[in-house]
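Undergrad: sequence unavailable; structure follows:
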């Protein structure tokens, strides 16, 4: 029956086609199950990542509350207001002047009677803080304010061992906050209270009933896989945060995958037919090349593939494959560039291009480990531009920004390649420098101070001369990284204020031998 070469060729083509279709069908079923399973793992992993990020945000807000609490001037003003009965306006002005840079929304300072000493308009927040303190000692909680849900961090203020009251600061969880997390999570967020969506990155779901069954819920006619994101201290009276991914998105991926499988089936069958028709011709070379390239792609590489000038089907297919490889390479390069930009923006300040406070906690443990290992000294230089507010008032904020960029460039030029320069906020900067002697940090600070004084800023037709006060502290290598960082920042800040109090435009070095033990322990706690 299959005595002719033509008949056997068609039989082979038919058998190969059946085999190809069966293989692609199995691949589709296997891939479909893998995509569904991977989507479930992805949403769980994303929920865990979001939980970690929110915990970091809570800890960061609590850190800011403790920074204000540990400020000696706040403690002194608090004592004067609560014990002597002085007006609280001076304390409010001090807070605005020294802590206006804090990325917070609202702040209240309460005495033991529950009175708000800083912002009488925030009476609702004061009541919520007082009520929470009576019920719980947790320094983080969530409060449903008049308009939005607020993350609240509080800390007790004491002076010379006497408890005076409480400082509480907040960060609002609104639609902008949800959009920020949505931008990298790939899903949607729902703030639910009493089984009703209060706020969502999916606006049409707001006001809808939210009753998940298992790990899924139907919203606006679509099924969402959802996971709860725990919030510290959440309860019946505060909303609950959920993260969800639409199953329709997963089905769309499957649909695209099925179309790709169908396309591969069509192309594969055509390739088998062409193989049977031109097997006698010089066909082995392009086929072998395609097989090698395909194998390389399955191994995760995107090799170069030259285009052919021939116009037959196999060469055209090879050319399309080459274009696909080039497109994939371009997309991968674009993804790499975006990833690098995201990594850079996450750890640098947008104006000065210096490292930000977030990167400080990441790099400090590495530096102190290096100093411990090599027996060196890790110095922290806290710099603050003298009378910077007068520059903004006289020349404008654009001139102020140019001055900040100018000193940032001078700090980079004056520092070594191994030094780390941070913008801590406003006109305050920090340099971490490792040296072989304890005097290394002081010498660097004096170099920066004299350099800045002799290199003014040219803004339009004005010449702006700037000076800086510098506080220097040497890190204690025997402490843990976290305690060493807190200790160093506190001591450098004290030295900075000493330099300012002595007339500014000078360098002050913290002398650990003169630090009161009680105050040192308070800064660490």
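TA: Yes, it's here. Everything numeric in this text was worked out from a predicted model, so none of it was measured.
Undergrad: so which strand or helix has the residue nearest the centre of the chain?
TA: Centroid-nearest residue in the chain, with Cα atoms, centre = their mean: residue 346, separated by 5.4 Å. When elements are assigned from DSSP states H and E, residue 346 belongs to helix 313-347.
Undergrad: residue 309 now?
TA: With DSSP H and E as criterion, residue 309 is part of no helix or strand.
Undergrad: cool, residue 218 as well?
TA: Applying DSSP H and E, one finds residue 218 within strand 216-219.
Undergrad: buried residues, stretch 351-367. List them.
TA: Across stretch 351-367, burial judged by 16 or more other Cβ atoms under 10 Å covers 352, 354-357, 359-360, 364, 367. To be clear about C-beta, it is placed using only N, CA and C from the backbone, and glycine gets the same treatment.
Undergrad: nearest to residue 221 among these?
TA: Distance to residue 221, by Cβ to Cβ, is smallest for residue 356 among these, at 42.9 Å.
Undergrad: return the residues in contact with the closest one.
TA: Residues in contact with residue 356, defined by Cβ atoms under 8 Å, 6 or more residues apart in numbering, are 347-349, 422-423.
Undergrad: so which of those is the most crowded?
TA: Comparing those by number of neighbours (other Cβ atoms under 10 Å), residue 422 comes first, having 25 neighbours.
Undergrad: and the helix or strand that contains that residue, what does it pack onto?
TA: When elements are assigned from DSSP H and E, residue 422 belongs to strand 420-425. Packing contacts for strand 420-425, counted by 3 or more Cβ pairs under 8 Å, 6 or more residues apart in numbering; DSSP states H and E, involve helix 357-374, helix 397-414, strand 428-435.
Undergrad: who does the second one touch, helix- and strand-wise?
TA: With contacts defined as 3+ Cβ pairs under 8 Å, 6+ apart, the secondary structure elements packing on helix 397-414 are strand 377-385, helix 388-395, strand 420-425, strand 428-435, helix 440-454, strand 457-459, strand 462-464.
Undergrad: between those, which one is closest to residue 298.
TA: strand 420-425 (42.6 Å).
Undergrad: follow-up on the earlier one: any idea which of the helices and strands packed on helix 397-414 gets closest to residue 142?
TA: Among the helices and strands packed on helix 397-414, strand 420-425 sits nearest to residue 142 (Cβ to Cβ), with 25.5 Å.
Undergrad: how does the protein divide into domains?
TA: Annotated domains of the chain cover 1-166+246-278, 281-343, 357-524 [automatic domain parsing].
Undergrad: the shortest one - what's its average pLDDT?
TA: Meaning domain 281-343. On average, the pLDDT along domain 281-343 is 70.
Undergrad: picking up where we left off before, now the buried residues of stretch 351-367 in JSON lines, with distance to residue 167 and pLDDT?
TA: Output for the buried residues of stretch 351-367, formatted as JSON lines (distance: Cβ to Cβ, whole Å; pLDDT from 0 to 100):
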{"residue": "352", "distance to residue 167": "29", "pLDDT": "86"}
{"residue": "354", "distance to residue 167": "29", "pLDDT": "90"}
{"residue": "355", "distance to residue 167": "28", "pLDDT": "91"}
{"residue": "356", "distance to residue 167": "24", "pLDDT": "89"}
{"residue": "357", "distance to residue 167": "20", "pLDDT": "87"}
{"residue": "359", "distance to residue 167": "26", "pLDDT": "90"}
{"residue": "360", "distance to residue 167": "23", "pLDDT": "90"}
{"residue": "364", "distance to residue 167": "25", "pLDDT": "94"}
{"residue": "367", "distance to residue 167": "31", "pLDDT": "93"}
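Undergrad: which one of those is nearest residue 125?
TA: Nearest member of those to residue 125, counting by Cβ to Cβ, is residue 357, at 25.1 Å.
Undergrad: and the gap between the nearest residue to the closest one once chain neighbours are set aside and residue 496?
TA: Nearest residue to residue 357 in three dimensions, chain neighbours excluded: residue 424, at 5.9 Å (Cβ to Cβ, 6 or more residues apart in numbering). Noted for residue 424: a distance of 11 Å to residue 496, by Cβ to Cβ, to the nearest Å.
Undergrad: anything in contact with each of those two?
TA: With Cβ under 8 Å, 6+ apart as the test, residue 424 and residue 496 both reach residue 382.
Undergrad: and residue 357, what does it touch?
TA: 422, 424-425.
Undergrad: neighbour count: residue 424 and residue 496, which is higher?
TA: Just comparing residue 424 and residue 496: by other Cβ under 10 Å the higher neighbour count belongs to residue 496, 24 against 20.
Undergrad: right, and the more buried one touches residue 473 too?
TA: No - judged on Cβ atoms under 8 Å, residue 496 makes no contact with residue 473 at a distance of 9.3 Å.
Undergrad: now do the shared contacts for the two.
TA: What both residue 496 and residue 473 touch, as defined by Cβ under 8 Å, 6+ apart, is the set residue 382.
Undergrad: for the contacts of residue 356, which one is nearest residue 81?
TA: Nearest to residue 81 among the contacts of residue 356, with distances taken as Cβ to Cβ, is residue 423, at 32.7 Å.
Undergrad: isn't the closest one right next to residue 353, touching?
TA: No - counting by Cβ under 8 Å, residue 423 stays clear of residue 353, with 9.1 Å between them.
Undergrad: report how many residues lie close to residue 318.
TA: 21.
Undergrad: from residue 296, how far off is it?
TA: Residue 318 is 14 Å from residue 296, by Cβ to Cβ.
Undergrad: do the same with residue 117
TA: 69 Å.
Undergrad: of the two, who's got more company?
TA: The neighbour count for residue 117 versus residue 296, taken as other Cβ under 10 Å, is higher for residue 117 (22 against 14).
Undergrad: skipping adjacent residues, who's closest to residue 123 in space?
TA: residue 116 (6.2 Å).
Undergrad: isn't residue 142 up against residue 153?
TA: No - the pair residue 142 / residue 153 is not scored as a contact, 10.7 Å apart, by Cβ under 8 Å.
Undergrad: please name the bridge partners of the residue nearest to residue 123.
TA: Listed by DSSP bridges, the beta-bridge partners for residue 116 are residue 110.
Undergrad: just give me the neighbour total for it.
TA: Counted with other Cβ under 10 Å, residue 116 comes out at 22.
Undergrad: what do you get for the one 5 residues further on?
TA: Residues lying near residue 121 (other Cβ under 10 Å) number 11.
Undergrad: same thing with residue 77?
TA: Neighbour tally, residue 77, other Cβ under 10 Å: 24.
Undergrad: quick revisit: residues of the strand holding residue 218 that come out buried?
TA: By neighbour count, and taking 16+ other Cβ under 10 Å as the criterion, the buried residues in strand 216-219 are 217, 219.
Undergrad: in the stretch 51-200 of the chain, which ranges drop under the pLDDT threshold?
TA: 184-185 (pLDDT under 70).
Undergrad: try 90
TA: 51-55, 57-58, 74-101, 103-106, 110-138, 141-151, 159-162, 164, 171-200 (pLDDT under 90).
Undergrad: and the strands in it?
TA: Ranges of strands within the stretch 51-200 of the chain are 106-111, 140-144, 149-159, 162-173, 188-193, 196-200, based on DSSP state E, counting those that start in this stretch.
Undergrad: for the second one, the distance to its chain's centre please.
TA: By that I understand strand 140-144. 22 Å (Cα atoms, centre = their mean, to the nearest Å).
Undergrad: list the contacts of that strand.
TA: 58, 61-62, 125, 128-129, 132, 149-153, 170, 173, 193, 231-234, 237-239.
Undergrad: which among those residues end up buried?
TA: For the contacts of strand 140-144, buried by 16+ other Cβ under 10 Å: 58, 61-62, 125, 128-129, 132, 149-153, 170, 173, 193, 231-233, 238-239.
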